[in-house]
Every structure is written in structure tokens, then in C-alpha cells.
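1. Generate a structure from the sequence data that follows.
(chains A and B)
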Amino acid sequence: MPYVIVAGGGKVGANVARSLLRLGYEVTLVEQRRDRFERLEDEFEHQVHRGDATELFVLERAGITRPPDVVLALTGDDEDNMVICQLAREKYGVPKVIARVNDPRNQAHFDLLGISPTICATSSIMALVEHEVPEHELIHLLELRKENLEIVEVQIDRDSPVAGKRVESLKLPEGARLISVMRDGRAEIAVGATSLEAGDQVLAILEPGKEDELRRVLLKR
Amino acid sequence: MKALIIGCGRVGSTIALQLLKEDWDVTVVDENEDALSRLGENWPGTFLVGHGMDADLLRAAGIEDADAVVVATDGDNTNIVIGQVAQKRFGVDCTVVRILDPARADFYNARGLRTVCPTKTAIDVLGEAVRACAVPVRTAS
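-> As a prediction, this is how the structure comes out:
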């Protein structure tokens, strides 16, 4: 079974550790705060260690030299999460790290240091809000960082220049393709002969930075 | 020459005052506006209140054309991240970072960050001071 070190025993870290254990994973949880640690110890026993997971000896005591298959940096402090991931990957050769981003403004720093994948509750909630509130004309659904691609959703409205047109007749920007068209609650794969109508929700895959070009073609704005 | 100092505690403020005396153009950033008082009565340089992790604040502080950046907040990991941002994102080659933990200082130093570890210096100096005491050798009784 895979071995996972979880840094940070707050609500997120403790619940992730609990879920992994239930799936049969081998887990070591690391928590710095004494009060939290003592509560966690009742439940996790020898599987929780007390210490600062950005200290090398704490990581080593938690078994990072084996190394684990995955290190999850889930503390409430972004700087700590970045350092944990850098140490895990670059010093100890951990093949996979996953980091929690607490403040979405720090996302650029995680990207700069090559820490991926990351998960940010605020950004996820915003993406959901944008998805659920149809007023937003172009919504980011998924970023494929490694592939340098992203998937967006565009709402075709009455004023759109492409309403009534077939996909093959569109002058889509280079590096952009339509994936599917959702109409009346049903989705269809977008092919050349698919025609677009007002009210359609279209999924597109494109290179990041091409959103404005795509918006101009599909929405004329 | 332009210097940007992140963190205006005992260390940051003293370096800021020294560089100012050496005719550097000095900008200091600290989260706490009370830290300005560490720079004396009439600080002639720039002082900005904010967090060094904030890239917009770093830009406002002139990091894009800084010749040197000194990172000396009270958090090792904060310093490590800000130091890497200054070096890699803003291309300031002379970025000097204070890291109290010797293990992390060594690791990041090996990765090309200019780290200064006061703990290691203290250990060396204290050791030398003890050895310099010329303690009389006790003979076993």
C-alpha cells in the first residue's frame, strides 16, 4: 500500500489522513501544535508525530527518507507548505507532492517554485460560483498545467455572432478547439457539423492566454 | 545603488541604517508600521507597510530595479519564499536571506540562494569563546 506523509493536522489534514487510512494507506500525520497533537494522538496513536514539518529532523523522524509515495503539505501556512514540498521533492526525492494554497494570491509563488498540483479552496469555490451563475461569459473549469492547456466554458447568447453557425465555419484561434455543446441539459461532442445556438454552453480546450481571442470569436466582445 | 530590506526588526533596521550611511538608496518593508521607529527619528529612505509575500507590494517597493534585496523577517520559511521570489521572479542576483535553522540554510544555500545563518555563526563564535577561556585542566582525583 502507498505510504503518505500528511503535514498539518488541522481539519483538512486530519480528515485527509483519516480517509487515507480508511482506504488502507500507510499514513504519518505531522502536527506542530501541542493542543491539536494531543487530540489527534487519541485517534491516530503512533501514526501522528509532533513537530514542525519544515524541520528536516521532524520529516526524517516521520519517515521521509524511505521515501513516501506522496507528501501532502496541508498546513494553514503557505510558506510552510512551499518549503515542505521543496524539501520533500528536492532533498528527499519524494516523487509526488500536493500542496494546499491558503491564500490564492500566493498561487503565483507555488507556480514559480514548480510546486504542482496545488489545491485552493477559495479558487475552487470561485470556479463553482462562476459555473453556477450563468452571467459569467467565460468560465475556467480546469487547468492542465503540465500540458499547458485549459478547459473553459462559454455561454452562447442571442447577440453572439456564432449563433446559428456550424463549428466548421468558425475561425477559432490557433491552439483552441471546441469539445462539446450542452443544450437543454444534454451534451454532445462538438464536430464540424455541429451548429451552435443561443443558450448553448460550449466547452473549449485552449492554451492559456487565448481566452480573449476565443471570446472575440464566440461572443464578439 | 538601490537596496530593498524586507523585515524591519533588529537585523533589518540596522542593515538599512548602515547601507543608508554608505549612500545606498534604501527602501524598507515591514508588516507593522511601528517598526518604522526602529529607523530613527527622521528616516530619509522609503518605508512601506505590507507583507513581503505580496508581489504588488514588492513592485511598489521598487524590487524590479533593486541592486540588492535583504530578507530578514522573523519567519524562516517566509524568508525562504520571499528570497526565491526576489531571485527567480524579479531576477535580483544579490538577494541575501536570513535563515535561523542551519539545516534549511544549508539546503537552500546548496540550491543557489545566498543564505546567512546567525545560529551557525553563534555556534562558531561561542565555541571559540569557550576554547579561548584557557580553563585549567582538572586532574582526576
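
2. Could you break chain A into its assigned domains?
-> What automatic domain parsing lists as the domains of chain A is A:3-119, A:127-219.

3. what about the strands in the chain?
-> I went with chain A, as the question did not name one. A:3-7, A:26-31, A:48-50, A:70-73, A:96-100, A:118-119, A:138-144, A:149-155, A:176-183, A:186-189, A:201-206 (DSSP state E).

4. Let me rephrase: I mean chain B.
-> Per DSSP E, chain B has strands spanning B:2-6, B:25-30, B:46-49, B:68-71, B:95-98, B:114-116. These are given in chain order.

5. Can you lay out those as JSON lines showing mean neighbour count, distance to chain A and mean pLDDT?
-> Yep, even glycine has a C-beta here, placed from its N, CA and C like the rest. Shown next, in JSON lines, are the strands of chain B (neighbours: other C-beta atoms under 10 Å in any protein chain shown; distance: least, C-beta to the nearest C-beta, whole Å; pLDDT from 0 to 100):
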{"stretch": "strand B:2-6", "mean neighbour count": "27", "distance to chain A": "13", "mean pLDDT": "98"}
{"stretch": "strand B:25-30", "mean neighbour count": "24", "distance to chain A": "16", "mean pLDDT": "98"}
{"stretch": "strand B:46-49", "mean neighbour count": "17", "distance to chain A": "17", "mean pLDDT": "97"}
{"stretch": "strand B:68-71", "mean neighbour count": "26", "distance to chain A": "12", "mean pLDDT": "98"}
{"stretch": "strand B:95-98", "mean neighbour count": "24", "distance to chain A": "12", "mean pLDDT": "98"}
{"stretch": "strand B:114-116", "mean neighbour count": "20", "distance to chain A": "13", "mean pLDDT": "97"}
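
6. any chance of those in a markdown table, plus distance to residue A:28?
-> As requested, the strands of chain B are arranged in a markdown table below (distance: least, C-beta to C-beta, whole Å):
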| stretch | distance to residue A:28 |
| --- | --- |
| strand B:2-6 | 34 |
| strand B:25-30 | 37 |
| strand B:46-49 | 40 |
| strand B:68-71 | 31 |
| strand B:95-98 | 30 |
| strand B:114-116 | 28 |
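
7. touching chain A at all, the longest helix belonging to chain B?
-> If you go by DSSP state H, chain B has its longest helix at helix B:118-131. No: using C-beta under 8 Å from any C-beta of the partner chain, helix B:118-131 stays clear of chain A, with a minimum separation of 12.8 Å.

8. Return the residues in contact with the residue most central in space within chain B.
-> Note on chain B: the residue nearest the mean C-alpha position is residue B:72, at 3.2 Å, using C-alpha atoms, centre = their mean. Residue B:72 makes contact with B:5-7, B:9, B:11-12, B:15, B:79, B:97-98, according to C-beta atoms under 8 Å, 6 or more residues apart in numbering or on different chains.

9. Would you mind checking which of the strands of chain A scores lowest on average pLDDT?
-> Note on the strands of chain A: lowest mean pLDDT is at strand A:138-144, with a mean of 84.

10. Tell me which strands it pairs with, and in which orientation.
-> Sheet pairing of strand A:138-144 (DSSP bridges) gives strand A:149-155 (antiparallel).

11. what does chain A have sitting close to chain B?
-> Close to chain B, as judged by C-beta under 8 Å from any C-beta, chain A has residues A:54-57, A:77-80, A:82-83, A:87, A:90-91, A:105-106, A:108-109, A:112-113.

12. try it again with 6 Å
-> A:54, A:56, A:79-80, A:82-83, A:91, A:109, A:112 (C-beta under 6 Å from any C-beta of the partner chain).

13. I'd like the residues you listed laid out as TSV, including distance to residue B:65 and pLDDT.
-> Shown next, in TSV, are those (distance: C-beta to C-beta, whole Å; pLDDT from 0 to 100):
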residue	distance to residue B:65	pLDDT
A:54	32	98
A:56	36	97
A:79	26	98
A:80	31	98
A:82	26	98
A:83	28	98
A:91	34	97
A:109	21	97
A:112	20	95
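
14. Buried members of the residues you listed into PyMOL, please.
-> Buried members of the residues of chain A next to chain B, defined by 16 or more other C-beta atoms under 10 Å in any protein chain shown, are picked up in PyMOL with:
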select buried, chain A and resi 54+56+79+80+82+83+91+109
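
15. And the residues of chain A next to chain B, which two are furthest apart?
-> A:56 and A:112 (22.7 Å; C-beta to C-beta).

16. what's the neighbour count on residue A:120?
-> For residue A:120, the neighbour count with other C-beta atoms under 10 Å in any protein chain shown is 19.

17. For the closest residue to it other than its chain neighbours, the count of nearby residues, please.
-> Spatial nearest neighbour of residue A:120, excluding adjacent residues (C-beta to C-beta, 6 or more residues apart in numbering or on different chains): residue A:101 at 3.8 Å. Per other C-beta under 10 Å, the neighbour tally for residue A:101 reads 21.

18. before we move on, what about the one 10 residues further on?
-> Residue A:111 has 13 neighbouring residues, counting by other C-beta under 10 Å.

19. Equivalent analysis for residue A:127, please.
-> Residue A:127 has 16 nearby residues by other C-beta under 10 Å.

20. And the closest residue to it other than its chain neighbours, how close does it get to residue A:182?
-> Spatial nearest neighbour of residue A:127, excluding adjacent residues (C-beta to C-beta, 6+ apart): residue A:140 at 6.2 Å. Distance of residue A:140 to residue A:182, given as C-beta to C-beta, to the nearest Å: 17 Å.

21. for chain A, what are the low-confidence residue spans?
-> For chain A, the stretches flagged by pLDDT under 70 are A:133-136, A:221.

22. buried sites along stretch A:117-131?
-> Buried residues in stretch A:117-131, defined by neighbour count with 16+ other C-beta under 10 Å: A:118, A:120, A:127, A:130.

23. Thank you, goodbye.
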